[in-house]
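Student: Fold the following, please.
(one chain, ligands or ions: 2)
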Amino acid sequence: MTILVTGSAGFIGANFVLDWLAQNDEPVVSLDKLTYASNLENLRSLEDDARHTFVRGDIGDAALVAELLTTHRPRAILNFAAESHVDRSILGPEDFIQTNVVGTFRLLEAVRSYYGSMSENEASTFRFLHVSTDEVYGSLAPADPAFSEQNRYEPNSPYSATKAASDHLVRAYHQTYGLPVLTTNCSNNYGPYHFPEKLIPLVIHNALAGKSLPIYGDGQQIRDWLYVKDHCSAIRRVLEVGKVGETYNVGGWNEKANLDVVNALCAILDDEQPRADGKRYADQITYVKDRPGHDRRYAIDASKLERELGWKPAETFETGIRKTVRWYLDNQAWVSNVTSGAYRDWLNRQYQ
Ligand code: NAD
Ligand code: TYD
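Tutor: Numbers count the residues shown, from 1 in each chain. Ligands and ions are numbered 1, 2, ... in the order given. Have a look, this model is predicted:
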């Protein structure tokens, strides 16, 4: 038995593979294109681990994916591969269309053909699990109930529009071709190996580097934060007992305004690694131009996952965020490695 994980050198994919192999011996074949967002360092601890096979490649490369499927005959495929940064999708949507839409389509085609080649026994347990986001549901007003699986798709950024398109393709391959799919729509993740252009790792990195902490607009936009390892445990649960064809919302009931998140990070840093000049990290907060089309509020109703599959997050925001800050403090070498020249070019373009 083997599973295939795409996007395995990125933030959530790497956490998933590491957790998977820490918990059982079922081998993992992992496929990643190694874009700017990836880092093979994330998987370094598995370098000599016979249970892990890393392949560099594109989910849109039909020949490569077909060969991987024929060679390894995975009993499940978990699709994490995506272009994932909203701000990058605003500056250049093309890569998002290519990977999130065309890439997912090509992957589904390869999987459809592979599924057709299976024995009845293999086919009965095979699963294709597509990892998606709450951003497909659009933006909530302050008093709206949290997103349930019944909410309409109303994506507002090129990123969320391409993820929505991929979710629809996955659904269609189930309805039309009978592919045994599962889809998860998760809220914002945070934790180890998070690329430092997303809010939480960016703020930790900038704070320690004595740089400004950029808050878009008024900082009152709300995100619903989930510790990445809780997302991974939810995916394992859905893979194990999720009902084929269903979608499951994943979230930690942790709605926070961005400014509150940044202040919480500053307070932990004040505690764990006080500034040399005795001032507070929060003094580094700077308000910058808002993101165009910035969604005001996301909130996930994860009660279906809890009720039907018995999943609950292990971390609160308070425990998870402290672990995260500790991880970044203990892994400064990882941060220096990823904050390469290309990363600095991006920051210059984004924040002038
Ligand atoms: P990430 O950007 O950190 O990692 C994505 C990985 O996919 C990278 O390693 C990249 O090299 C790889 N990749 C990109 N294009 C590829 C292609 N064409 N073929 C193969 N590999 C490719 O993203 P992440 O935060 O780890 O997100 C993983 C998945 O989870 C995405 O599908 C994302 O939409 C979804 N998601 C993310 C969050 C979040 O808060 N980060 C929340 C909900 C859902
Ligand atoms: P981000 O981590 O990019 O995730 P997403 O846009 O997918 O939710 O951003 C989280 C929130 O933080 C979002 O409302 C945008 C905001 N933000 C800032 O205020 N400043 C920043 O420098 C960044 C990167 C994000």
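Student: drop to CA atoms for contacts and neighbour counts, all remaining ones
Tutor: Fine.
Student: Which parts of the stretch 101-250 of the chain are strands?
Tutor: 127-133, 181-186, 189-190, 213-216, 222-224, 226-227, 247-250 (DSSP state E, counting those that start in this stretch).
Student: okay if I get those as JSON lines plus distance to residue 277 and mean neighbour count?
Tutor: As requested, those are arranged in JSON lines below (distance: least, C-alpha to C-alpha, whole Å; neighbours: other C-alpha atoms under 10 Å):
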{"stretch": "strand 127-133", "distance to residue 277": "41", "mean neighbour count": "23"}
{"stretch": "strand 181-186", "distance to residue 277": "40", "mean neighbour count": "25"}
{"stretch": "strand 189-190", "distance to residue 277": "29", "mean neighbour count": "22"}
{"stretch": "strand 213-216", "distance to residue 277": "17", "mean neighbour count": "20"}
{"stretch": "strand 222-224", "distance to residue 277": "32", "mean neighbour count": "22"}
{"stretch": "strand 226-227", "distance to residue 277": "32", "mean neighbour count": "26"}
{"stretch": "strand 247-250", "distance to residue 277": "41", "mean neighbour count": "26"}
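Student: Could you check the pLDDT of residue 345?
Tutor: Note on residue 345: pLDDT of 78.
Student: who's in contact with it?
Tutor: Counting by C-alpha atoms under 8 Å, 6 or more residues apart in numbering, residue 345 touches no other residue.
Student: ok, and for whichever strand or helix holds it, which residues are buried?
Tutor: Per DSSP states H and E: residue 345 is located in helix 341-351. Judged by neighbour count using 16 or more other C-alpha atoms under 10 Å, helix 341-351 contains no buried positions.
Student: That helix near ligand 2 at all?
Tutor: No: Helix 341-351 lies apart from ligand 2 when judged by C-alpha under 6 Å from any ligand atom; the minimum separation is 8.2 Å.
Student: ok so, going back, quick one: the strands of the stretch 101-250 of the chain as CSV, columns for distance to residue 100 and mean pLDDT too.
Tutor: Conversion of those to CSV gives the following (distance: least, C-alpha to C-alpha, whole Å; pLDDT from 0 to 100):
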stretch, distance to residue 100, mean pLDDT
strand 127-133, 10, 99
strand 181-186, 14, 99
strand 189-190, 19, 98
strand 213-216, 26, 98
strand 222-224, 22, 98
strand 226-227, 22, 98
strand 247-250, 18, 98
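Student: Find the residue closest to residue 104 in space, skipping its chain neighbours.
Tutor: residue 166 (6.2 Å; C-alpha to C-alpha, 6 or more residues apart in numbering).
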